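A.B. asks: Just to be clear, the model below is a prediction. Sequence and coordinates:
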Amino acid sequence: MRVSCLQEHLAKGLSIVGRAVSHRSTLPVLGNILLKADRGRLRLSATNLEIGIHCWVGAKVEDEGAITVPARLLTDFVNTLPPERIDLNLVVRTQSLNLRCVRYEANIKGIDASEFPMIPTVEANGMVELEPTGLRRMINQVAFAAATDESRPTLAGVNASFRDRLFTLAATDGYRLSVRETQLDQPVSEPVSVIIPARSMMELARIIGQLPEREEEEEAAVQVAFTPAGNQTLFHMPNVDLISQLIEGTFPDYTVIIPKTYTTRATLDTNAFLKAVRVASLFARDGSNIVQLQVTPSDGGAAPPARGTVTLTATSADLGDNVSEMDALVEGTGIEIAFSAKYLADVLSVIGTEQVVLETEGPTSPGVLRPVGAGREIFTHVIMPMRPH
């Protein structure tokens, strides 16, 4: 293998695939990155057996070939090089990779490419195409609500479903639920519902954020496909493929969790609400991270919704207390309800609209937050209430 490419292109490719490298595996090759030169490009690949990433780097290929080398050493070395041309040469006899960049040279010992696990590639005819910016926003609004422990594997994933023209992502950890829907430009040929690890979805969002912006959205569309065995999903982007294992099992019927009615509804400024929650969390974090909300409708007897207030209170036995008051449009009866400050901050950070609606049926009922004016993008977040001290 004899290949030349620019340092900045190789460094970016390594940063994209690097997150898929396994650092704890008993298989040494999983701590390596596969470099393969063929068809006039250099392909970088990494996998931890749950997620795999291919990234193609523009290069001048003189001789084809492949080698795997330790990911950390290769990445650190390339990142320290000047932004010049790098020449890569595989020394087959010693299974090492020689790298030259102006006055810098290194030889990195590798493992034969034949020992690297096979990672599927995406076929050109993906099942459906998704607009990347919108998909990234959907993932950011949902994946954080998935469970972080593996005791219930299905809750550590994001339920992705395609039905007719509707694409839905949902995640829950048992204490909160995030559901995001959007309309597809083209209907799918048949309905599909799968559970994708939340880590894989967050990695997909990260990669989308690193992709170069394109003038034509069609060129940058994310193609989604599934392997014939039905145990993996594949996302194809410009010069990048992400392949993820699917989680077996049945995702909970989250539609029964979402309240259909409310007795109290408050519309607030999202940024003001988020700032008040963050201030309150300074006092709440030493306890159970509980913030008390008091929704007070107007006394003027105006037709609903009318101007009212929402007051946030947090108390620490050791530090003191905090009270923040916000203007709101309030419909229904006044109420006092307690939530986790962290859970409120998490969802308010990704609402994406200037105003947010909070609905509830009572102090022991779930709270429902929705963005105001999100168009055809439907976002629903449910938080279970907490018992104040």
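C.D. replies: That came through, no problem.

A.B. asks: right, and residue 3 touches residue 62 too?
C.D. replies: Yes: with contact taken as C-beta atoms under 8 Å, residue 3 and residue 62 are classed as touching, separated by 7.1 Å. The way it works is simple: take the backbone N, C-alpha and C, and place the C-beta from them, glycine included.

A.B. asks: In terms of neighbours, single out the busier of those two.
C.D. replies: Taking residue 3 and residue 62 together and counting by other C-beta atoms under 10 Å, residue 3 has the greater number of neighbours (24 against 12).

A.B. asks: Listing partners with orientation, what would you give for the helix or strand harbouring that one?
C.D. replies: Residue 3 is part of strand 2-6, with elements assigned from DSSP states H and E. Based on DSSP bridges, the pairing partners of strand 2-6 within the sheet are strand 60-63 (antiparallel), strand 85-91 (antiparallel).

A.B. asks: just those strands: most buried one?
C.D. replies: Using mean count of other C-beta atoms under 10 Å, the stretch among the strands paired with strand 2-6 with the greatest mean number of neighbours is strand 85-91 (a mean of 18).

A.B. asks: Need the residues that contact that strand.
C.D. replies: 1-7, 10, 35, 42, 65-67, 78, 96-101, 107 (C-beta atoms under 8 Å, 6 or more residues apart in numbering).

A.B. asks: same thing with stretch 280-288?
C.D. replies: Where contact means C-beta under 8 Å, 6+ apart, the residues beyond stretch 280-288 that reach it are 289-291, 312-322, 324, 341-342, 345, 386, 389.

A.B. asks: re the thing from before, derive a ChimeraX selection command for the buried subset of the contacts of strand 85-91.
C.D. replies: Here is the ChimeraX command that selects only those of the contacts of strand 85-91 that count as buried (16 or more other C-beta atoms under 10 Å):
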select :1,3,5,6,7,10,35,42,65,66,67,78,96,97,99,100,101
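
A.B. asks: per-residue confidence averaged over the longest helix along the chain?
C.D. replies: Longest helix in the chain, counting residues (DSSP state H): helix 270-284. Here the mean pLDDT over helix 270-284 is 94, rounded to a whole number.

A.B. asks: what's the angle from the helix or strand just after it to helix 270-284?
C.D. replies: Per DSSP H and E, helix 270-284 leads on to strand 290-296 as the next helix or strand towards the C-terminus. With axes from the mean of the first three to the mean of the last three C-alpha atoms, to 10 degrees as the criterion, the two stretches strand 290-296 and helix 270-284 enclose an angle of 130 degrees.

A.B. asks: for strand 290-296, what is the average pLDDT?
C.D. replies: Averaged across strand 290-296, the pLDDT comes to 94.

A.B. asks: buried stuff in stretch 160-170?
C.D. replies: 160, 161, 162, 167, 168, 169, 170.

A.B. asks: and what of stretch 370-386?
C.D. replies: Within stretch 370-386, the residues that qualify as buried are 370, 371, 377, 379, 380, 381, 382, 383, 384, 385, 386, counting by 16+ other C-beta under 10 Å.

A.B. asks: can you list the strands paired with strand 2-6 in JSON lines and add distance to residue 248 and mean pLDDT?
C.D. replies: Below are those laid out as JSON lines (distance: least, C-beta to C-beta, whole Å; pLDDT from 0 to 100):
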{"stretch": "strand 60-63", "distance to residue 248": "40", "mean pLDDT": "93"}
{"stretch": "strand 85-91", "distance to residue 248": "39", "mean pLDDT": "96"}
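
A.B. asks: And for residue 289, the neighbour number?
C.D. replies: Here the number of neighbours of residue 289 (other C-beta under 10 Å) works out to 18.

A.B. asks: gap between the residue nearest to it when sequence neighbours are not counted and residue 51?
C.D. replies: Across the structure, with C-beta to C-beta, 6 or more residues apart in numbering as the measure, the residue nearest residue 289 apart from its sequence neighbours is residue 341 (5.0 Å). Spatial separation of residue 341 from residue 51 under the definition C-beta to C-beta, to the nearest Å is 32 Å.

A.B. asks: Likewise for residue 132?
C.D. replies: Noted for residue 132: a distance of 18 Å to residue 51, by C-beta to C-beta.

A.B. asks: So which residues of the stretch 201-350 of the chain form strands?
C.D. replies: Counting by DSSP state E, counting those that start in this stretch, one finds strands in the stretch 201-350 of the chain at the ranges 222-226, 232-237, 240-245, 264-269, 290-296, 306-316, 320-332, 335-340.

A.B. asks: Figure out which of those strands is closest to residue 118.
C.D. replies: Of all the strands of the stretch 201-350 of the chain, it is strand 240-245 that lies closest to residue 118, at 10.4 Å by C-beta to C-beta.

A.B. asks: Show me what that closest one is packed against.
C.D. replies: Helices and strands touching strand 240-245, as assessed by 3 or more C-beta pairs under 8 Å, 6 or more residues apart in numbering; DSSP states H and E, comprise strand 51-58, strand 192-197, helix 198-210, strand 232-237.

A.B. asks: in it, what counts as buried?
C.D. replies: Across strand 240-245, burial judged by 16+ other C-beta under 10 Å covers 240, 241, 242, 243, 244, 245.

A.B. asks: swap in stretch 224-233?
C.D. replies: Of the residues in stretch 224-233, 224, 225, 232, 233 count as buried by neighbour count, 16+ other C-beta under 10 Å.

A.B. asks: Now do the same contact list for the spatially most central residue of the chain.
C.D. replies: The C-alpha lying nearest the average C-alpha coordinate of the chain belongs to residue 202 (C-alpha atoms, centre = their mean; 2.5 Å). With C-beta under 8 Å, 6+ apart as the criterion, the residues that contact residue 202 are 139, 143.

A.B. asks: Many thanks, I have nothing further to ask.
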